[in-house]
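Trainee: Predicted model, plus sequence, below.
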Amino acid sequence: MTDARTLSSSSSSTTNHVNGTNTTPLLPPDLNNINGLTTYVNTIFHQMEEKFLAASDQVMNRMNELGKRIDTLESNLGDIISHLPTEETSTSSSSPSIAPSSQQQTKS
């Protein structure tokens, strides 16, 4: 016995004619659907891959930009630190301020 749905779907899937020629290959409808689905999935996969690569490029560009900014910041901080007074002068000026607090601790 043949299924009536198989006959009607197979005859309707192969009747696409353009200028009197059949445009679809003579494939069973299930195989034609599988090929279409495979093509669709491949197309979606390639679109996702392109979007991922674009996003990856954006992230890498931003990371490079931040790296350059960090390098500039380190250089600027190095310049600022090099212009600060030396440790000896800052230690002698900070010693008197430390002494009263140590005297307060010994009184308690």
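Mentor: Structure received.
Trainee: Q47: neighbour count?
Mentor: 10 (other C-beta atoms under 10 Å). Quick note: C-beta positions are derived from backbone N, CA and C, even for glycine.
Trainee: ok, now which ones touch it?
Mentor: Under the criterion of C-beta atoms under 8 Å, 6 or more residues apart in numbering, Q47 has no contact partners.
Trainee: Find me the pLDDT at it, would you?
Mentor: We have a pLDDT of 97 for Q47.
Trainee: For it, what is the enclosing helix or strand?
Mentor: helix 29-82 (DSSP states H and E).
Trainee: Okay, now the unreliable bits of this protein?
Mentor: 1-28, 87-108 (pLDDT under 70).
Trainee: give me that answer again for 90
Mentor: Along the chain, segments meeting pLDDT under 90 span 1-36, 83-108.
Trainee: Need phi/psi at P85.
Mentor: When read as degrees, to the nearest 10, the backbone of P85 gives phi -60, psi 160.
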